[in-house]
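Visitor: quick check, what structure comes out for this input:
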Amino acid sequence: MGVKIWKCTTQSEHLIDTPVVACIGYFDGLHLGHMALVNNTLSKAAELSAESAIITFDPDPWVIIKQAQDVQHLTTMKQRQELAEKAGIEHFIVLDFTKEMSNLSEYDFVELLLKNFNLKAMICGFDFHYASRGSGNAQTLANHGFEVVCVDSVNDEKGKISSTRICECIDEGRMEEAAALLGYAYTIEGSVIHGNAKGTGIGFPTANIKAEREFLIPNRGVYVGKVSFDECDYPAMINIGFNPTFNKRRVLSIEAHLLDFHGDIYGKNVDVSFYRKIRDEKKFSSIDELISQLNRDVQATREYFV
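Guide: The predicted model follows:
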């Protein structure tokens, strides 16, 4: 049946009457660290004969608390819902995070949850905080009559797996490390728009992709990746940059050359996944030099998929 989506406001009541076990957090990326909470939720729900849930926030609490603007993320809410469903979560609960909600006391915040959901247990991270000024934590959650499970950090040889660390990897083009921490290849969503057709003119037609503003864009360079649309996946050489050889762009562009694809995809909504960085962006002294490098980039892309 798929995951059920719920929106909870400070005025809503009795959204889910069946017993639930829920994990709570922002869960940007729903990465391997978050999956420890998800897996605890699934096992505890089975133990208590309850249904599983994720409780998250929209917008990002930093937008309300810190009045941050143009906040970039690893995933959209839609992607998180899809990842939750793939993991086996039954309910995806989105708290409408307003200024009013951010100012709730510890007691009132939990009471808001309890009047909407039949909570049997709550799973949270060791560093989870809630309520006004972040005064609530796992210990204060335990005062409300449901079981609380506090999950330690998930670490690898370099330390804690976190959204911040994954963002650093993506910002530096370390896509394989990012994928190892996420549990999947980093993927952005966007639409194909018309470009200046320079790639077509030199034998390398590209799909110019306008990414949703929310996404963190990898640093400039050429990547091995995949473009997906209409339930099909296409290996692709992806360039992020300003096209310095042609010296035409002042706005960062994302262009994907789909291997062995010759169709028209203008206007299509696409997913773009990044697997590995091939090289940094470079200004070439001639078009012939650029074409020679693009041929090497295509070959590197093909070899990746062999």
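Visitor: the helix or strand bottoming out on mean pLDDT in the chain: what's the following helix or strand?
Guide: Least confident element among the helices and strands of the chain, by mean pLDDT, DSSP states H and E: helix 198-201 (a mean of 69). Downstream of helix 198-201, the next assigned helix or strand under DSSP states H and E is strand 207-211.
Visitor: next, the buried residues of that next one.
Guide: Using 16 or more other C-beta atoms under 10 Å as the test for burial, strand 207-211 gives 207-209, 211. (Each C-beta comes from the backbone N, C-alpha and C, glycine too.)
Visitor: so what touches that strand?
Guide: With C-beta atoms under 8 Å, 6 or more residues apart in numbering as the test, strand 207-211 has contacts from 188-195, 217, 227, 253-258, 265, 270, 272.
Visitor: 7 Å instead?
Guide: 188, 190-195, 217, 227, 253-256, 258, 265, 270, 272 (C-beta atoms under 7 Å, 6 or more residues apart in numbering).
Visitor: for the buried residues of strand 207-211, which one is nearest residue 163?
Guide: residue 211 (18.4 Å; C-beta to C-beta).
Visitor: I'd like to know how far that closest one sits from residue 73.
Guide: From residue 211 across to residue 73, the span is 12 Å (C-beta to C-beta, to the nearest Å).
Visitor: tell me the SS of residue 217?
Guide: coil (DSSP: H, G, I helix; E, B strand; the rest coil).
Visitor: the spatially closest residue to residue 250 that is not a sequence neighbour and residue 97, how far apart?
Guide: Once flanking residues are discounted, residue 250 sits nearest to residue 242: 7.2 Å by C-beta to C-beta, 6 or more residues apart in numbering. Distance of residue 242 to residue 97, computed by C-beta to C-beta: 36 Å.
Visitor: in the stretch 151-300 of the chain, which ranges drop under the pLDDT threshold?
Guide: 197, 199-201, 247-249 (pLDDT under 70).
Visitor: which residues of it fall in helices?
Guide: Taking DSSP state H, counting those that start in this stretch to define them, one finds helices in the stretch 151-300 of the chain at 163-171, 175-182, 198-201, 287-305.
Visitor: point out the most buried one among those.
Guide: Ranked by mean neighbour count, the helices of the stretch 151-300 of the chain are led by helix 175-182 with a mean of 20 (mean count of other C-beta atoms under 10 Å).
Visitor: run through the neighbouring helices and strands of that one.
Guide: On a contact count with 3 or more C-beta pairs under 7 Å, 6 or more residues apart in numbering; DSSP states H and E, helix 175-182 meets helix 163-171, strand 186-193, strand 269-279.
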